[in-house]
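Asks: Sequence plus the predicted model coming up.
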Amino acid sequence: MDLSTTYMGLELKNPLVAGASPLSRQVDTVRTLEDAGVAAVVMYSLFEEQIEHEVAAHAHFEELGTESFAEATSYLPSVDLFPRGPHEYLDHIAAIKKAVDVPVIASLNGTSTGGWTEYAKMMQEAGADALELNVYLIATDPNLSAQKIETRYFSILDAVKRTVRIPVAMKLSPFFSSLPNFARQLDEHGADGLVLFNRFYQPEINLETLELESDIVFSGPHKMRLPLRWIAILDPIVKASLAASSGVYTHEDVLKLMMAGADVTMLVAALLRDGPQVIGEILRKMAEWMEDHEYDSIRQMQGSMNHKSVKDPAAFVRGNYMKALQEYK
């Protein structure tokens, strides 16, 4: 059974990609994911704040004591002794690339067009096969318009695309006024892929301590419905590859997303909860279902259930919404 697919020009043996998570922090774990059958790995994110912190620390120690006397620099600590999180990240990319054969996708997380985008080129030089930009921006300022937010995405994408030759994906949230228009503009700015969707973590309130608590809650299987809907809408109107992220747990989830038009599906919660062995189970059941339903390949089903055959998608969506409410008992 041919399970191969193409994501941002990368030829993958199947559509299962390990999304950005702590699982990529250890080389051995990434090897285990490859052995289990994963087709590509997205690394955990390097944050803009980490890079800014390193730059500030270097500036501080380079200037410390320089006005004391001419030989002041001789007692400055060696650069090699400074915390080098960003550079360790680059070394980690190189180590993973050396250890596995599947594509490795680096991840940058930030909100500005500052110097952090320069690290995109360093990631490319370290061996990354592609880059995922996670613009984790929550609009809390009432003076920040929707247009300004979208413009910031375009500026970040443009800055990175000028720097690298490898494919670049944008990881999006679902909270845009007109996602199809925004996606098409990202397409025009050169996005090679769109990852749907990012999850904004919401804090909890502890009623005993009256403090905010931050914890990570895995996405439930029903969360897959959101990327399923939007991929079906976007697939006919954008050239960029589409990756589904959120709520992907079973072979049925993967098959449905392929039919909607996804090029890959990203697994995170399923891997953290059930371990790498879930990859083989999903692939086996996908092949069995495809054989039973007379599909020869993933490419044969991709996009077969999207909106390309719907004359008025908005009316179609609203019609199904009304039908669902009226039929509920």
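Replies: Everything's here; your move.
Asks: in the stretch 151-300 of the chain, which spans are strands?
Replies: For the stretch 151-300 of the chain, the strands defined by DSSP state E, counting those that start in this stretch cover 168-172, 193-196, 204-206, 211-213, 241-245, 264-267.
Asks: so who does residue 23 touch?
Replies: 29-30, 33, 271-272 (C-beta atoms under 8 Å, 6 or more residues apart in numbering). Every C-beta, even on glycine, is put in place using the N, C-alpha and C of the backbone.
Asks: Show me the two of those that sit farthest apart.
Replies: Pairwise distances across the contacts of residue 23 peak at 14.3 Å for 30 and 272 (criterion: C-beta to C-beta).
Asks: List buried residues within the contacts of residue 23.
Replies: Neighbour-count burial (16 or more other C-beta atoms under 10 Å) is assigned, among the contacts of residue 23, to 29-30, 33, 271.
Asks: Who does residue 134 form a beta bridge with?
Replies: Following DSSP bridges, residue 134 is listed with bridge partners residue 109, residue 171.
Asks: Output the contacting helices and strands for the lengthiest strand in the chain.
Replies: Ranked by residue count and defined by DSSP state E, the top strand of the chain is strand 40-47. Strand 40-47 makes packing contacts with strand 16-18, helix 27-36, helix 85-99, strand 104-109 when contacts are defined by 3 or more C-beta pairs under 8 Å, 6 or more residues apart in numbering; DSSP states H and E.
Asks: Would you tell me which one of those is buried the most?
Replies: strand 16-18 (a mean of 29; mean count of other C-beta atoms under 10 Å).
Asks: Show me where the stretch 201-329 of the chain has its helices.
Replies: Under the criterion DSSP state H, counting those that start in this stretch, helices of the stretch 201-329 of the chain are mapped to 225-234, 251-260, 269-274, 277-292, 298-301, 313-327.
Asks: Would you mark the buried spots in the second one?
Replies: Of the residues in helix 251-260, those buried under the neighbour-count criterion (16+ other C-beta under 10 Å) are 251, 253-260.
Asks: mind putting the residues you listed in a markdown table, pLDDT and distance to residue 101 included?
Replies: What follows is the buried residues of helix 251-260, written out as a markdown table (pLDDT from 0 to 100; distance: C-beta to C-beta, whole Å):
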| residue | pLDDT | distance to residue 101 |
| --- | --- | --- |
| 251 | 98 | 24 |
| 253 | 97 | 26 |
| 254 | 98 | 22 |
| 255 | 98 | 26 |
| 256 | 97 | 29 |
| 257 | 97 | 25 |
| 258 | 97 | 23 |
| 259 | 97 | 29 |
| 260 | 96 | 29 |
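Asks: Which two of these have the greatest separation?
Replies: Among those, 251 and 260 lie farthest apart (C-beta to C-beta), at 15.0 Å.
Asks: any idea how far residue 200 is from residue 140?
Replies: Residue 200 sits 11 Å away from residue 140, going by C-beta to C-beta, to the nearest Å.
Asks: scratch that, residue 153
Replies: Taking C-beta to C-beta as the criterion, residue 153 is separated from residue 140 by 17 Å.
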